[in-house]
Every structure is written in structure tokens, then in C-alpha cells.
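Novice: this is a predicted model, with the sequence first.
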Amino acid sequence: MWIDKKEIQSLSAGIRTALDGQPFDPRDHREGAVSILKNDIYTLIHSEQEKRSVLEKEKEHLAESLSDISHQLKTPISSILLMTELMTDASEEARQEFLLHIKKEVRHMEWLVTALLKMAKLDSSNAHFKIEETAVSGLLRETLKSMEIILDIRNQTVRLVNDLSLACDQKWTAEALINLLKNASECSRENSEILIDCGENPLYDWIAVTDAGEGLKKEQIAKLFRRFEGSQKDNGFGIGLPLALSIMRAQNGDIEVMPGGNGTGATFLMKFYR
């Protein structure tokens, strides 16, 4: 088999170009061993370029996550520093008050960093989901362990209307449910009841979280799942609902919002597609 020298030189130059990230397609759509070799080279180059693209996206996600964490930590850190300075000349009563505020800010920072790291893990497709049959009542029991203090402070209760066994990752789904319940607690009145319902249809199983608030406006719904925008409270971070949505979409699910109103609270519907 004879291979032309110029053809080899052209192929070699093209490979070097591809290594520098430039497009190169050596295929000539002819028959013979040389054409087969060119097709294999193209496949290898294309595979390497896809891997490089994935790595670049992961770097971008990491940079965005670090930027988000840095930006969101500035406010609580500044608040802690200010209160620490004021404590120097403060009375004992004022110091105790400052300490309570500092503890509160530290807890917020801890939650924020944890939530952002989880979201970064989801964004980079590094989260592993174990799908298995799980009862909604079991999910709710795990969720309420993290919600007990919040609900107790506002004297709120959570009632499960129906139970259902559905296929999901228990750990990650409980995390999503926690964030939906936190949002429901924020939107609900004190001394109120938050309802959890569930069911199924030919397309998906579902869990519904209905708060005891005044409902949502259309303009509020539009930004609920945008990071750092949808918080209903001044000291909120706007990260809980986006995290819940990321968790649901990572396991082939979604979240639908029914705004309520006229004395009916909003409902967040977690969909688990079959």
C-alpha cells in the first residue's frame, strides 16, 4: 500500500491543529485502509474535543459557584465584624444580644455554603442518585427532623393528607422537600397548618406542599427559581427553591407552582415522571 508523502504531511499538520483546539476533519469518504485510518483519527479527535468541552464547562460551574459563595458571604461577614467591634464598649446586655445575632449569622453562612456546594455538585453532574421505592410518610419524617425548630418557633404544624410509595432518591428528595417546607413556613402565618398531599397519574407521581399564606402573584412566580432572587424574606438567600428544582430535574422530575390567592396559599407540586 502506497501513501503519498504530502497526504501524510497534511494529516500530521491537521492533527497538530486539532491538538491546539482547532477544528479538523480528515475524512475523505473513500474506500481503503488510509480512509479507515482517517475516520478513526477523526473519531479520536472529536472524542477529545468533547472531553475538553466538558472540562471547560465544569471549570465555569466551579468559578460561578465560588463567585456566588464569595458574594453571598460578604454581608453576614461584614455584619459579624461590625458587631464584634461594637461589643468592645457595649454593656453586658448588649453583648449578649450581639452574640445571639452573631450565632444567627454563622448558622445562615453554614446553611448557605452547604446549599451552594450541593448545587455546584448538581450543576457539574457529580451527584449520584439511588432511585428506589420510598413512602412519602418516610420522606416527611426525615424532613421534619430538620424543620422541628423552625416550625416550633412559628407554632406551625405539618399535616400529611395522603400517603404514597414513589420511586426517587430518598436523601436528595428529602433535601428538596426541606427547602419547599422552609419556603412554605416563611410564607405561612404563625399558628397555621402546612398541608402535604400526594398522588399519581399516568404521567407522574406527585407531592404537593401547600402553605397557609396569601398566595403568589405572577411576577413573584417568574423569579422564584432564579438564584438569589426569589427569597420572600429580607434575610433569605434565594437559593432554597432553585436547589429544590435542580434536585428534581436531576432525577427526571420538575416543580410546578400553583399561585393560590383569595385566602388560599400557594402550592408547590413536585413531579416524579415515570
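Specialist: Looks like it came in fine.
Novice: against which helices or strands is the longest helix seen in the chain packed?
Specialist: In the chain, assigned by DSSP state H, the helix with the most residues is helix 33-87. In terms of contacts (3 or more C-beta pairs under 8 Å, 6 or more residues apart in numbering; DSSP states H and E), helix 33-87 is packed against helix 5-19, helix 92-123. Quick note: C-beta positions are derived from backbone N, CA and C, even for glycine.
Novice: quick check: which of the ones you listed is nearest to E64?
Specialist: helix 92-123 (8.0 Å; C-beta to C-beta).
Novice: mean confidence for the closest one?
Specialist: Helix 92-123 comes out with an average pLDDT of 81.
Novice: between it and helix 33-87, how big is the angle?
Specialist: 170 degrees (axes from the mean of the first three to the mean of the last three C-alpha atoms, to 10 degrees).
Novice: neighbouring contacts of the helix or strand following helix 92-123?
Specialist: Sequence-wise, the next helix or strand downstream of helix 92-123 (DSSP states H and E) is strand 132-135. Identification of contacts with strand 132-135 by C-beta atoms under 8 Å, 6 or more residues apart in numbering yields 163-170, 173.
Novice: these: which two are farthest apart?
Specialist: Using C-beta to C-beta, the contacts of strand 132-135 span at most 18.7 Å, a distance reached by D163 and D169.
Novice: that older thread, just the contacts of strand 132-135: which are in strands?
Specialist: Residues of the contacts of strand 132-135 located in strands (DSSP state E): 165-168.
Novice: among the residues you listed, who's most crowded?
Specialist: With neighbours taken as other C-beta atoms under 10 Å, the top of these is C168, carrying 26 neighbours.
Novice: apart from its chain neighbours, what residue comes closest to R52?
Specialist: Spatial nearest neighbour of R52, excluding adjacent residues (C-beta to C-beta, 6 or more residues apart in numbering): G21 at 7.1 Å.
Novice: likewise for R226?
Specialist: That would be P242: by C-beta to C-beta, 6+ apart, it lies 6.9 Å from R226.
Novice: assign the one you found to helix, strand or coil.
Specialist: Three-state assignment for P242 (DSSP: H, G, I helix; E, B strand; the rest coil): helix.
Novice: now do the contacts for it.
Specialist: 119, 225-227, 230.
Novice: any chance of TSV for those residues, columns distance to T143 and neighbour count?
Specialist: Compiled in TSV, the contacts of P242 are given as follows (distance: C-beta to C-beta, whole Å; neighbours: other C-beta atoms under 10 Å):
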residue	distance to T143	neighbour count
M119	19	21
F225	20	17
R226	24	11
R227	22	18
G230	20	20
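Novice: what about the residues you listed, which are in strands?
Specialist: Going by DSSP E, the strands hold none of these.
Novice: Throw those residues into CSV and include distance to I150, thanks.
Specialist: Shown next, in CSV, are those (distance: C-beta to C-beta, whole Å):
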residue, distance to I150
M119, 21
F225, 21
R226, 23
R227, 22
G230, 18
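Novice: quickly find the element holding R141.
Specialist: helix 136-153.
Novice: the helix or strand following that helix - contacts with which helices or strands?
Specialist: Going down the chain from helix 136-153, the next helix or strand is strand 157-160, by DSSP H and E. Secondary-structure packing of strand 157-160 (3+ C-beta pairs under 8 Å, 6+ apart): helix 136-153, strand 193-200.
Novice: which residues touch stretch 13-27?
Specialist: Around stretch 13-27, the neighbours that count as contacts under C-beta under 8 Å, 6+ apart are 11, 35, 38-39, 41-42, 45, 48-49, 52.
Novice: which of these sit farthest apart?
Specialist: Spanning the widest gap among the contacts of stretch 13-27 are S35 and R52, at 25.9 Å by C-beta to C-beta.
Novice: those two - which one has more neighbours?
Specialist: Neighbours per residue (other C-beta under 10 Å) separate S35 from R52, with S35 holding more: 14 against 11.
Novice: can you give me the pLDDT of the more buried one?
Specialist: 77.
Novice: could I get the contacting residues of the residue nearest in space to the middle of the chain?
Specialist: Geometric centre of the chain, nearest residue: L243, 2.8 Å, by C-alpha atoms, centre = their mean. Neighbouring residues of L243 by C-beta under 8 Å, 6+ apart: 115, 118-119, 122, 175-176, 179.
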